[in-house]
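J.: sharing a sequence plus its predicted fold:
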Amino acid sequence: MNEHLTTSNPQSVAPAGNPFRHRAFTVIWIATVVSNIGGWMYSVASGWLMTSLDSNAFIVAMVQVANSLPMFLFAIPAGALADIVNQRRFLIIGESMITVVSTAFAALVWLHLITPASLLLFSFAVTVGSAISAPAWQSIVAKLVTKADLPSAVAANSVGINVSRAIGPALGGIIIGAAGIAAPFWLDAFSNIGVIAALLWWRAPSKSASALPPESFGSAIRTGLRYARYNPYLRATLFRTVAFFVFGSAYWALLPLVARTRIAGGPALYGVLLGAIGVSAVGGAVLLHRLREKLGADSLVAAASLGTALATALFAVARQPATAIVASFIAGASWIAAVASLNVSAQVALPEWVRGRGLAMYVTVMFGALSVGSAIWGQLAVAAGLPAALLLASAGAAIGIPLTWRWKLQTGANVDFSPSMHWPNPVTAHAIEGDRGPVLVMVEYHIDPKNRIAFLHALGQNSRERRRDGAYDWGIFEDPADDGRFIETFLTGSWLEHLRLHQRVTKADRISEVAVRRFQIGDAPKTTHLISAQGN
């Protein structure tokens, strides 16, 4: 299933008219909504087709795994690519490949040549294309509108995604009943053509030249992983993400069997259930800003987890369509509340230079949790029965709330990750090749010895920031012959990487540095740069 323009920050439902005065945004928004409707029709059809080919709960749940595992496997490399390639050209190639694979998939279904294994294989292949292109889709939104219209553009994208989620499943169920199982697959393949045409028509604004060359692919991946490791705000979001999606995956993976075996419904009912989830998500998006202001991000995600637990339990006991439809409405509102809040928390925990890779880490964890959870609940449904698996997932969603409460979500209110640019460029006697290194940086402090403990505690915050932005082997050394003299040291891999570290320092980092330097006696701390005489 493709979901294009799945950016970032649906914090509020801003006026939807502002971004549509930009022609490029309007054209691409319409094309992606149409494509997403096709993607949801495909999702319904593939889930229902698998129940016809093999009704084993584990095999049915593997459809959800095939649709989520590629995001787990490829989001981080894709995030690195999004930062170093021409995004428009990259998206055109990616969407064209998705269309080719989707068309081949539709042909096999039409010719009755599909098997459970080939269904999973093609579902995986289609989602690989979506996973690779997802960070680039997130990155181009800011190029389609002005900065002032960006919040409205993000809100409009969120509404578009949920509108397609409301229309696509119900339409897919109706089309399966009227035109056969192959029809939604053909429509999904053709729906992507509009996206390709819109990208071919659009011309991205020229990019201002950077003083530094782009990072290599391998370096970009390493930098993104290191940043996620040393950013406590992003780590807290990732813990909460795992707690929600591992258990929230249960009803997504097993819903086809709920419709088919528990309620004895057809594809139309399955489509209606998914459509109810989408309609509820649209309604939830409208109320989201008000709820977040009233409850706060942490309490809102806790409420969404409780709602998911209730919905999953209702799916477990549902024997009539009405019960399952009520569960779907609860599930949809809970889903959008959690997804939007977690997404916002990940967004505001990231500066611009690493946003693509940081969001890729969030997507990786999210879809990894969905993949693992789907496989677990499918296997439990085989071993213990469908109701038992859903009830266990419901209990887990509720228990996860107190277990993860200490990891607080971010709102951006107290942390400013905009560039500070207060580090002066190093003074050198001659030009230095960018790949020379490693580079040793030494910062010399002189403090009152009675402030030693407080100084070291403040400097510990600096160590995380240095490592997060590209340094390694950080250390602090104390002069035994001169009380109060300390040397902070850290290494960067090359001279070019050291210059990049200068550009990555944020205003929040500057506050931490001020907290350290208030202990300094006399002149400002002295910084020395030494580069390896032997090279890499």
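T.: That came through, no problem.
J.: what's the closest non-adjacent residue to the most centrally placed residue in the chain?
T.: By C-alpha atoms, centre = their mean, the chain has its centre lying nearest to Val363, at 3.1 Å. What sits nearest to Val363 in space, not counting adjacent residues and going by C-beta to C-beta, 6 or more residues apart in numbering, is Ala75, at 4.2 Å. Using the backbone N, CA and C atoms, a C-beta is placed for each residue, glycine as well.
J.: which helices and strands does the host helix or strand of that neighbour pack with?
T.: Ala75 is located in helix 57-84, with elements delineated by DSSP states H and E. Helix 57-84 sits against helix 23-53, helix 116-144, helix 217-230, helix 232-257, helix 355-384, with contacts defined as 3 or more C-beta pairs under 8 Å, 6 or more residues apart in numbering; DSSP states H and E.
J.: tilt between that helix and helix 355-384?
T.: Interaxial angle, helix 57-84 versus helix 355-384 (axes from the mean of the first three to the mean of the last three C-alpha atoms, to 10 degrees): 170 degrees.
J.: just the C-alpha atoms of whichever helix or strand comes after helix 57-84, please, in PDB.
T.: For helix 57-84, the succeeding helix or strand toward the C-terminus, using DSSP H and E, is helix 87-110. Coordinates of each C-alpha in helix 87-110 appear next as PDB, following Å, rounded to 0.1, in the frame of the first residue of the first chain:
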ATOM      1  CA  GLN A  87      14.600  13.900  -4.900                       C
ATOM      2  CA  ARG A  88      12.300  14.600  -7.900                       C
ATOM      3  CA  ARG A  89      14.200  12.300 -10.200                       C
ATOM      4  CA  PHE A  90      14.400   9.700  -7.500                       C
ATOM      5  CA  LEU A  91      10.700   9.700  -6.900                       C
ATOM      6  CA  ILE A  92       9.900   9.400 -10.700                       C
ATOM      7  CA  ILE A  93      12.100   6.300 -11.000                       C
ATOM      8  CA  GLY A  94      10.700   4.800  -7.800                       C
ATOM      9  CA  GLU A  95       7.000   5.400  -8.600                       C
ATOM     10  CA  SER A  96       7.600   4.000 -12.100                       C
ATOM     11  CA  MET A  97       9.000   0.800 -10.700                       C
ATOM     12  CA  ILE A  98       6.100   0.500  -8.300                       C
ATOM     13  CA  THR A  99       3.700   0.900 -11.200                       C
ATOM     14  CA  VAL A 100       5.400  -1.900 -13.200                       C
ATOM     15  CA  VAL A 101       5.400  -4.300 -10.300                       C
ATOM     16  CA  SER A 102       1.700  -3.500  -9.400                       C
ATOM     17  CA  THR A 103       0.700  -4.100 -13.000                       C
ATOM     18  CA  ALA A 104       2.400  -7.500 -13.100                       C
ATOM     19  CA  PHE A 105       0.800  -8.300  -9.800                       C
ATOM     20  CA  ALA A 106      -2.700  -7.400 -11.200                       C
ATOM     21  CA  ALA A 107      -2.100  -9.600 -14.300                       C
ATOM     22  CA  LEU A 108      -1.200 -12.600 -12.200                       C
ATOM     23  CA  VAL A 109      -4.400 -12.200 -10.100                       C
ATOM     24  CA  TRP A 110      -6.500 -11.700 -13.300                       C
END
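J.: what residues does helix 87-110 touch?
T.: With C-beta atoms under 8 Å, 6 or more residues apart in numbering as the contact definition, helix 87-110 has outside contacts at 2, 42, 45, 49, 81-82, 114, 118, 122, 125-126, 129-130, 132-133, 136-137, 139-140, 181-182, 185-186, 188-189, 192-193, 195-196, 199-200, 202, 204.
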